[in-house]
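> Provided below are the primary sequence and the corresponding predicted coordinates.
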Amino acid sequence: MNNLKNLRGTVDLLPDQLIKWQNVEKIVLEQLARASINEIRTPILEMTELFIRGIGEGTDVVSKEMYTFIDRGERSCTLRPEGTASVARALIQNGMLSNHPLQKLWYMGPMFRYERPQAGRQRQFHQLGVEFIGYDSVRSDVEIIALAWDILGKLGIKELNLEINTLGDLSDRLNFQKSFLKWLEINKNSLDLDSQNRITKNPLRILDSKNAQTQNALKNAPRLFNFLSEKSHKRYSHLKKNLEILKIPYVENFNLVRGLDYYTHTAFEITSGALGSQATVCGGGRYDDLIKQMGGPNTPAIGFAIGLERLILLAGKELEIPRNTDIYIINQGLIAESLAMDLSRKLRNYDLLVELDLSGASFSKQFKKANKLKSKSIIVIGDDEAVKGEFIIRLFDQSGNGNEEEVISFENDIDLEKWINNNLLVK
RNA sequence: GCGGGCGUCGCCAAGUGGUUAAGGCAGCGGCUUGUGGCGCCGCUAUUCGGGGGUUCGAAUCCCCUCGCUCGCCCCA
């Protein structure tokens, strides 16, 4: 029995911790609803092919981090490592792009990547993703960045850094890649080993290598920014201007590439120093070619994902406080216990947190329990009350001073409601 | 995949070779069988992540292994 354990990189979320999760999720979902974004749910398990084609074979995520296995029907299946590819697939497959070319969608759920766990990183983790499908205007880029920024702001998270970059469109990138590859051939030896390996696999990724030696060498390399078309340049400066109008502070990072192949034009990341080495809480960008590449109609899109574990880490302690019990029902005796159960059901029609003591323990014990839970009030039903068809109700404040008891008949809903309104529902 | 740190009760922890493994919190029971916060009393690890070895004797030393954690890489 003792050797049954959860798998490495997975965690049990226990009731105490879930208070914070639920509070954070509530705020996030409210914000999404207000921006009139609709939910979409796709399977956690997909064909492996989807991610190879969607994310890109040369990426780290696909080449070494996927949970892939052969199922009983000999299909290669993969636990999703991210959400965008699935959403794109679902939209194409369900013909949603011809009927509703414009849509704003969100999803939330577990993702899986086989990596070494560390602070802010698990093998099963959770993401909130937002995708604006069919939108190509700069304003949609701005709106989605603002949305991410505001969600973090609503949670009271301070000291965030927004980094932005532009990757241009496909032809910008090809032009750049040509001369970048030439430079890489010549300067190969001044790069670190990882980066050398990427020359053939995924050269763009070399740009955001964190190796100091490589970063130093890259200072003399051609810059993607200089290969952007006039149109791409304009798009990017328009984006910056809009962010300034909205007073969203940003930092340009020309080396921000992002690890998934599908990004075009705008790429952005929001980081926090409070997270340790896994500093990114939100990452996103535009992916105008993905849906077409996956066999759908030519559909521009932009999206982001927020890592929920990291979000929880950043969110304030005030979200960890549980709601106190409003009424604790102390009860003992055969008839009393039935009456108590009936009363507890009645009380749950109000916006109250009601706990019925089921222990059958002594009154003294039940009072202690009510006190431990910091219940705002108590109801007492014993044999005496049961016989008379009434119960005792009273406030139960922490000072321990005797509050006035009130006796109410089980039939008298009007007095009960009055008491609740006067004592519990008013601030 | 590669480095560093760590593993004693549900939680926090003392103990670094000698025969009963401190203490605190939480939990349970009692003082007080129908009225709470405080207090007092009692109970709660045959065992120190697991396995092997050294020794008369190990939680303490050695080896292996598992796990956790932090960092590299990468990402949310």
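That came through, no problem.

> Tell me who's in contact with whatever residue of the stretch 201-350 of chain A ends up closest to RNA strand B.
In the stretch 201-350 of chain A, the residue that lies nearest RNA strand B is A:Gly259 (1.1 Å; CB to the nearest atom of the strand). Yep, even glycine has a C-beta here, placed from its N, CA and C like the rest. Applying CB atoms under 8 Å, 6 or more residues apart in numbering to A:Gly259 gives the contacts A:Thr59, A:Asp60, A:Val61, A:Arg205.

> with these in mind, which one is nearest to A:Gly296?
A:Thr59 (20.7 Å; CB to CB).

> contacting residues for that closest one?
The contact partners of A:Thr59, taken as CB under 8 Å, 6+ apart, are A:Asn202, A:Arg205, A:Gly259, A:Leu260, A:Asp261.

> Of the residues you listed, which belong to helices?
Using DSSP state H to define helices, no part of those is located there.

> before we move on, what SS does A:Gly58 have?
Three-state call for A:Gly58 (DSSP: H, G, I helix; E, B strand; the rest coil): coil.

> can you count the residues close to it?
Burial of A:Gly58 is recorded as 15 neighbouring residues (other CB atoms under 10 Å).

> Tell me the confidence at it?
pLDDT recorded at A:Gly58 is 82.

> which ones are touching it?
A:Arg198, A:Lys201, A:Asn202, A:Asp261.

> Compute the number of surrounding residues for the last one.
Other residues near A:Asp261 number 22, with proximity taken as other CB under 10 Å.

> which ones are touching it?
Counted by CB under 8 Å, 6+ apart, A:Asp261 has contacts A:Ile55, A:Gly56, A:Gly58, A:Thr59, A:Asn202.

> Nearest to RNA strand B among these?
Nearest to RNA strand B out of these is A:Thr59 (CB to the nearest atom of the strand; 6.1 Å).

> mind checking how far that closest one is from A:Val257?
When distance is defined by CB to CB, to the nearest Å, A:Thr59 is 11 Å away from A:Val257.

> Where do the strands of the stretch 151-300 of chain A begin and end?
A:160-166, A:251-252, A:264-272, A:280-286 (DSSP state E, counting those that start in this stretch).

> can you list the ones you listed in a markdown table and add mean pLDDT, mean neighbour count and distance to A:Leu14?
Shown next, in a markdown table, are the strands of the stretch 151-300 of chain A (pLDDT from 0 to 100; neighbours: other CB atoms under 10 Å; distance: least, CB to CB, whole Å):
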| stretch | mean pLDDT | mean neighbour count | distance to A:Leu14 |
| --- | --- | --- | --- |
| strand A:160-166 | 95 | 21 | 28 |
| strand A:251-252 | 94 | 12 | 38 |
| strand A:264-272 | 95 | 23 | 25 |
| strand A:280-286 | 95 | 25 | 23 |
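
> Just confirm yes or no for the top helix by length along chain A near RNA strand B.
Across chain A, the helix with the greatest residue count (assigned by DSSP H) is helix A:15-34. No - shown here: helix A:15-34 not in contact with RNA strand B (CB under 7 Å from any atom of the strand), separated by at least 11.0 Å.

> Return the set of buried residues in that helix.
Buried residues in helix A:15-34, counted by 16 or more other CB atoms under 10 Å: A:Lys20, A:Trp21, A:Asn23, A:Val24, A:Glu25, A:Ile27, A:Val28, A:Gln31, A:Leu32.

> Spit out the residues that contact A:Thr59 and A:Val257 alike.
Common neighbours of A:Thr59 and A:Val257 are listed as A:Arg205 (criterion: CB under 8 Å, 6+ apart).

> Up against RNA strand B, what does the stretch 151-300 of chain A have?
A:194, A:205, A:208-211, A:258-260, A:269, A:276-283.

> cutoff 10 Å now
Applying CB under 10 Å from any atom of the strand, we find that the stretch 151-300 of chain A lies next to RNA strand B at A:192, A:194-195, A:198, A:202, A:204-212, A:214-215, A:256-261, A:263, A:267-272, A:275-285.

> Make JSON lines from the buried residues of helix A:15-34 and add pLDDT to it.
Converted to JSON lines, the buried residues of helix A:15-34 look like this (pLDDT from 0 to 100):
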{"residue": "A:Lys20", "pLDDT": "93"}
{"residue": "A:Trp21", "pLDDT": "94"}
{"residue": "A:Asn23", "pLDDT": "94"}
{"residue": "A:Val24", "pLDDT": "96"}
{"residue": "A:Glu25", "pLDDT": "97"}
{"residue": "A:Ile27", "pLDDT": "97"}
{"residue": "A:Val28", "pLDDT": "97"}
{"residue": "A:Gln31", "pLDDT": "97"}
{"residue": "A:Leu32", "pLDDT": "97"}
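
> now, which of those residues sits nearest A:Thr325?
A:Asn23 (17.6 Å).

> Please list all residues in contact with the residue nearest to A:Leu356 when sequence neighbours are not counted.
Excluding the flanking residues, the one nearest A:Leu356 by CB to CB, 6 or more residues apart in numbering is A:Ser344, at 4.2 Å. If you count contacts by CB under 8 Å, 6+ apart, A:Ser344 has them with A:Ile329, A:Val354, A:Leu356.

> Ok, A:Met108 next?
A:Glu25, A:Glu39, A:His126, A:Gln127, A:Leu128, A:Gly129, A:Leu308.

> For RNA strand B, see how far away it is.
To RNA strand B, A:Met108 is 12 Å away according to CB to the nearest atom of the strand, to the nearest Å.

> buried sites along the helix or strand hosting that residue?
Using DSSP states H and E, A:Met108 sits within strand A:103-112. Within strand A:103-112, the residues that qualify as buried are A:Gln103, A:Lys104, A:Leu105, A:Trp106, A:Tyr107, A:Met108, A:Met111, A:Phe112, counting by 16+ other CB under 10 Å.
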